[in-house]
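[1] Sharing a model prediction with you, sequence too.
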Amino acid sequence: MQITKRALLLAAALMLAFAGVPVKAQPAEKPRLALGVGGKPLLYYLPLTVAERKGFFKDEGLDVSINDFGGGAKSLQALVGGSVDVVTGAYEHTIRMQAKGQDIVSVIELGRFPGIVLVARKDRPITSVKDLKGAKIGVTAPGSSTNFFVSFLLAREGLKPEDVAFVGVGGGASAVAQMKRGEIDAMSNLDPVITKLESDGDVVVLADSRTEAGNEKIFGGANPAAVLYMKRDFIERNPVTTQKLVNAFHRALVWLKTATPEDVAAVVPEEYLLGDRALYMAAVKNSLPVYSRTGLIPEQGMKNALKMLVEFDPELKAAAIDLPRTFDDRFVKAVPAGK
């Protein structure tokens, strides 16, 4: 077998990245890169905002341009289409894309719980998931993790995604406004949107994945949420860049372990507070348990995610999914001590 020059260069780069040579001393192959995200103000993506605002990307020598899309499905489309290099998005997308023949891989877990909450307007006759038949349900974007969450819950009640109407509402003030105006009957969304609606007395909670107990009840255990994912060939071409990205995100996770709601509110942009700093801090308090403690996705978490998707996705029921290929743990394990 003939070994190409490119293969030798890749092998050498990987050896440098994982063989004790300090990554900081190595130049990133791609120091300027585009990152996609679907709803950056959501607390689901707080580790990204922390890494950006605290200067962790810059400390790694990276110039990261963040492209905020209306939902996770749109940022995934941008990755597949080549307009972004990497994405912070739901882990489930790595599974679904493998079934479609796309080799998308996650490299660090940012959220160990989805943190997604399904709520219904108080003035609607909806008190449980089975009452949602025929309802208009807001999600951050069709095909996003908030959409998957509802589809899974519907399937457990014998309902199909076609039994409801999904409406993309985004993940910020517009989502709150559409619920308040009565344009939708229910919503699957995240904090601070959910805490705002709860605080104002507009909704009742039907399912809540912000806590360990909630995840146990819904999924039977942890279910990985936000991750950093990319095409496998990006990793192969840019192992040092990938390591630097993981270093920055891991540093954000470490910071969040001891951060208070006040610390978080002081870091994020003013517009993320939805005009109410106290309410935002309450939302942060509700969401702090969701962030990953290690950056590593446990095997059972991967299995829970696949089990959820298979429940309502016929394509996945027929697919042979290689779960270990959805997560490359080498980079988290190679994070330097103290980061």
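    It's in.
[2] Pretty sure residue 74 is one of the things residue 37 touches, is it not?
    No - checked against CB atoms under 8 Å, the pair residue 37 and residue 74 is beyond contact range at 9.8 Å. Placement of C-beta: from N, CA and C, glycine included.
[3] do you know how far residue 45 is from residue 313?
    When CB to CB, to the nearest Å is the yardstick, residue 45 and residue 313 sit 24 Å from each other.
[4] in the top helix by length along the chain, what's buried?
    Of all segments of type helix in the chain, defined using DSSP state H, the longest is helix 239-258. By neighbour count with 16 or more other CB atoms under 10 Å, helix 239-258 contains the buried residues 239-256.
[5] More neighbours: residue 45 and residue 313, which one.
    residue 45 (24 against 21; other CB atoms under 10 Å).
[6] Tell me how far the more buried one lies from residue 145.
    Distance from residue 45 to residue 145, counting by CB to CB: 11 Å.
[7] and what of residue 96?
    11 Å.
[8] Looking at the two, which one has more neighbours?
    Per other CB under 10 Å, whichever of residue 96 and residue 145 has more neighbours is residue 145, with 28 against 23.
[9] Around the residue nearest to residue 39 when sequence neighbours are not counted, how many other residues sit close by?
    The shortest distance from residue 39 to any non-neighbouring residue, by CB to CB, 6 or more residues apart in numbering, is to residue 171 (3.2 Å). By other CB under 10 Å, the residues close to residue 171 number 29.
[10] same thing with residue 232?
    Applying other CB under 10 Å, we find 13 residues neighbouring residue 232.
[11] any weak-confidence spans in the stretch 201-339 of the chain?
    In the prediction, the stretch 201-339 of the chain carries residues with pLDDT under 70 at positions 338-339.
[12] In the stretch 51-200 of the chain, where is pLDDT below threshold?
    Regions of the stretch 51-200 of the chain meeting the criterion pLDDT under 70 are absent.
[13] quick one: the strands in it?
    Along the stretch 51-200 of the chain, the segments classed as strands by DSSP state E, counting those that start in this stretch run 63-69, 86-90, 104-109, 117-121, 136-139, 165-168, 186-189.
[14] Name the residues of the first one that are buried.
    Using 16+ other CB under 10 Å as the test for burial, strand 63-69 gives 64, 66, 67, 68, 69.
[15] do you know how far the last one is from residue 37?
    Between residue 69 and residue 37 the distance is 7 Å, computed by CB to CB.
[16] need the helices for the stretch 51-200 of the chain, in chain order.
    Under the criterion DSSP state H, counting those that start in this stretch, the stretch 51-200 of the chain contains helices at 56-59, 72-81, 92-99, 145-156, 173-180, 193-199.
[17] Switch those helices over to a markdown table; also include distance to residue 130.
    Output for the helices of the stretch 51-200 of the chain, formatted as a markdown table (distance: least, CB to CB, whole Å):
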| stretch | distance to residue 130 |
| --- | --- |
| helix 56-59 | 45 |
| helix 72-81 | 26 |
| helix 92-99 | 23 |
| helix 145-156 | 9 |
| helix 173-180 | 21 |
| helix 193-199 | 21 |
